[in-house]
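J.: I'd like to go over a predicted model; first the sequence, then the structure.
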Amino acid sequence: MTTAAAHPDQTRAGGPAPGVPRLGGLNPTLVRIEVLRVARNARTLAFAVVMPVAIYFAFGGSGGLGRQAVGRGNVAAYSMISMALYGAMTVAVMTAASVSVERAQGWSRQLRLTPLRPQAYVAVKAFTALLTSLLPVVAVNAVGLLSGATMPSDVWVLSMLLEWFGAAVLAAFGLFMGYLLPTENSMQFLGLGLALMAFAGGVFYPFYLMDPILQEVARFTPMWGPSMVAHAVLLGDAFDWVWALNICAWLAVFATGAGLMFRRDTRRV
């Protein structure tokens, strides 16, 4: 009587064999290292807070225009949501795109010598980017509260969560671009690219005021879905599954691209 041989990737208990890491090598130590790396970068943290607050005031966050009613709040509240979302996305991209510096230093190739899987590395970088993106969300909303933005408390809390959630798509985008672009060009390209995507996606001004042709173009941009979801709670708009489709589609594209770029970048070690 013969018995079937155990699969090499399975132990007797049915789990992964020795040398095959659980969760792809994802562990608290790696997460802690990435978070501390960002926390020590004072310039990034200052940029995360000052830039979106300054743009908030520039785009009607205060003054007579800001007190005009819009949906369940006022113009200042609408501008606050826009700038908090844009700030969160920008910081998420810049944090995630720092992988381009790690590539130049050879850190990604060093990681390839470990059991760390590409999916786990992408997840750690995305988590760190999302954690950092909380800073502009909190900063802009605090300034908005002090400068005349008004809306119900439940709308305020939900909009903050949606602003933060919207940064997830752009965190994956930052990783993708960090692997795709040369180190010396990545940040310059991303700064301009983010501004153009924000204008095209209707982040800086109400979507319903856009030209009909531009509205159709906006539906296919990465920032359109997160912007529509974040502003819907203030405007009282019914949820549209097309927004969710936009978010999921772009998140899948960028996350898959980041994983593929990681494998290509570290193929030769």
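T.: Perfect, thanks for sending it. Only a predicted model underlies this, so the values are computations on that prediction, with no experimental measurement involved.
J.: list the buried residues for the helix or strand harbouring Met177?
T.: Assigned by DSSP states H and E, Met177 belongs to helix 153-180. Buried residues in helix 153-180, defined by neighbour count with 16 or more other CB atoms under 10 Å: 155-156, 158-160, 162-180. Using the backbone N, CA and C atoms, a C-beta is placed for each residue, glycine as well.
J.: likewise stretch 133-144?
T.: Buried residues in stretch 133-144, counting neighbours by 16+ other CB under 10 Å, are found at 133-141, 143-144.
J.: other SSEs contacting the helix holding Met177?
T.: helix 75-97, helix 99-105, helix 118-146, helix 183-200, helix 224-235, helix 241-265 (3 or more CB pairs under 8 Å, 6 or more residues apart in numbering; DSSP states H and E).
J.: how near is Gly71 to Trp156?
T.: As for Gly71, its distance to Trp156 is 13 Å (criterion: CB to CB, to the nearest Å).
J.: same thing with Met261?
T.: Met261 is 38 Å from Trp156, by CB to CB.
J.: how about Arg67?
T.: Arg67 is 17 Å from Trp156, by CB to CB.
J.: likewise for Gln188?
T.: The gap separating Gln188 from Trp156 is 35 Å, by CB to CB.
J.: repeat that for Leu235.
T.: Taking CB to CB as the measure, Leu235 falls 14 Å from Trp156.
J.: one more: Val124?
T.: Plainly put, Val124 is 31 Å away from Trp156 if you go by CB to CB.
J.: over to Leu234?
T.: Applying CB to CB, the value for Leu234 to Trp156 is 9 Å.
J.: ok, Gln105 next?
T.: Separation of Gln105 from Trp156 (CB to CB): 42 Å.
J.: so where's the stretch 1-150 of the chain shaky on pLDDT?
T.: 1-27, 60-65, 106-109, 111-116, 118-119 (pLDDT under 70).
J.: switch to 90 and redo it
T.: Across the stretch 1-150 of the chain, residues meeting the criterion (pLDDT under 90) sit at 1-71, 73-76, 79, 87, 90-133, 135, 146-149.
J.: and the stretch 151-269 of the chain, by the same measure?
T.: For the stretch 151-269 of the chain, the stretches flagged by pLDDT under 90 are 165-218, 236-240, 251, 254-269.
J.: tell me which residue lies nearest the centroid of the chain.
T.: Central residue of the chain (CA atoms, centre = their mean): Ala167, 2.8 Å from the mean position.
J.: distance of that residue from Leu214?
T.: Here Ala167 is placed at a distance of 24 Å from Leu214 (CB to CB).
J.: from Val99, how far out is the residue nearest to the centre of the chain?
T.: 16 Å.
J.: and if you look at Asp237?
T.: Taking CB to CB as the measure, Asp237 falls 36 Å from Val99.
J.: more neighbours: those two, which one.
T.: Val99 (27 against 15; other CB atoms under 10 Å).
J.: quick one: contacts for the spatially closest residue to the more buried one that is not a sequence neighbour?
T.: Nearest residue to Val99 in three dimensions, chain neighbours excluded: Gly178, at 3.8 Å (CB to CB, 6 or more residues apart in numbering). Shown in contact with Gly178 (CB atoms under 8 Å, 6 or more residues apart in numbering): 96-100, 103, 186, 258.
J.: which one (most neighbours) among those?
T.: Greatest neighbour count in the contacts of Gly178, by other CB under 10 Å, goes to Ala96: 30 neighbours.
J.: who's in contact with the nearest residue to it once chain neighbours are set aside?
T.: Once flanking residues are discounted, Ala96 sits nearest to Gly174: 3.1 Å by CB to CB, 6+ apart. Contacts for Gly174 (CB under 8 Å, 6+ apart) come out as 92-97, 99, 129, 190.
J.: now those residues as TSV including distance to Ala200?
T.: Listed next are the contacts of Gly174 as TSV, based on distance: CB to CB, whole Å:
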residue	distance to Ala200
Ala92	18
Val93	15
Met94	19
Thr95	23
Ala96	21
Ala97	20
Val99	25
Ala129	22
Leu190	15
